[in-house]
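Q: Compute the structure for the input listed below.
(one chain, ligands or ions: 1)
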Amino acid sequence: MAEARVRGAFYALAGGPPAFKGAAEARYEALAVGREVRGVYVVPEAVFDRPGPWGAAVEAVGPDGRTAWTNLGFAVLERHLAPGLGAPAPAVASPTADSAGGLGAVCTHEPPCDLHRVSVAGALGALCELDKLEQAQGMGQDRSRSPGKQPPEGL
Ligand SMILES: [Zn+2]
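A: Sure, this is the predicted structure:
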């Protein structure tokens, strides 16, 4: 439902009674899921100033004025479990066509696609070598502005 007014309030739950830390209006973001358009409500910014258990109280007011509430709990971690924005990609020894089980074990495309010749770690290593080579030749460039440069074939 895109027309609801949704607001979230955030509470730190560690060490005593819930401590109110802020509230914000959420905005609706439409998402296309296949041909269906759905959406999520997104709080543009929330500051979680300490790790530990947190809670959110969410209020939604529909276009007809009916109101619904829900509470949810979540953990704020000291560090991201996934790489953060701008962090290097993890060099994972992902399975390739040469791994046990062969291409059929790593690709669900029919016929199998051509993207499994090197592992993620191998491709990242090749990109690092390419960067070193360019720097040695004084050709270092911002990769994001270099549409001609592509990851090595097989990635
Ligand atoms: Zn594939």
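
Q: List the residues that contact the residue of the chain found nearest the ion.
A: Nearest residue of the chain to the ion: C107, at 3.1 Å (C-beta to the ion). C-beta coordinates here come from the backbone N, C-alpha and C atoms, glycine included. Applying C-beta atoms under 8 Å, 6 or more residues apart in numbering to C107 gives the contacts A97, C113, L115, H116.

Q: what does the protein have sitting close to the ion?
A: Contact residues, the chain versus the ion (C-beta under 5 Å from the ion): C107, H109, C113.

Q: so of those residues, which ones are in strands?
A: Using DSSP state E, the subset of the residues of the chain next to the ion located in strands is empty.

Q: just those now: which is nearest E36?
A: Closest to E36 out of these is H109 (23.8 Å), distances taken as C-beta to C-beta.

Q: in stretch 51-60, what's buried?
A: W54, A56, A57, V58, E59, A60 (16 or more other C-beta atoms under 10 Å).

Q: Could you pick out the longest helix of the protein?
A: If you go by DSSP state H, the chain has its longest helix at helix 120-136.

Q: what's the average pLDDT for it?
A: The average pLDDT within helix 120-136 is 88.

Q: domain assignment for the protein?
A: Structurally, the chain divides into domains by automatic domain parsing as follows: 5-76, 91-155.

Q: Which of those comes out lowest on mean pLDDT?
A: Among the domains of the chain, domain 91-155 carries the lowest mean pLDDT, a mean of 79.

Q: my guess is A97 meets L115, correct?
A: No: contact criterion C-beta atoms under 8 Å: A97 and L115 do not qualify, at 9.4 Å.
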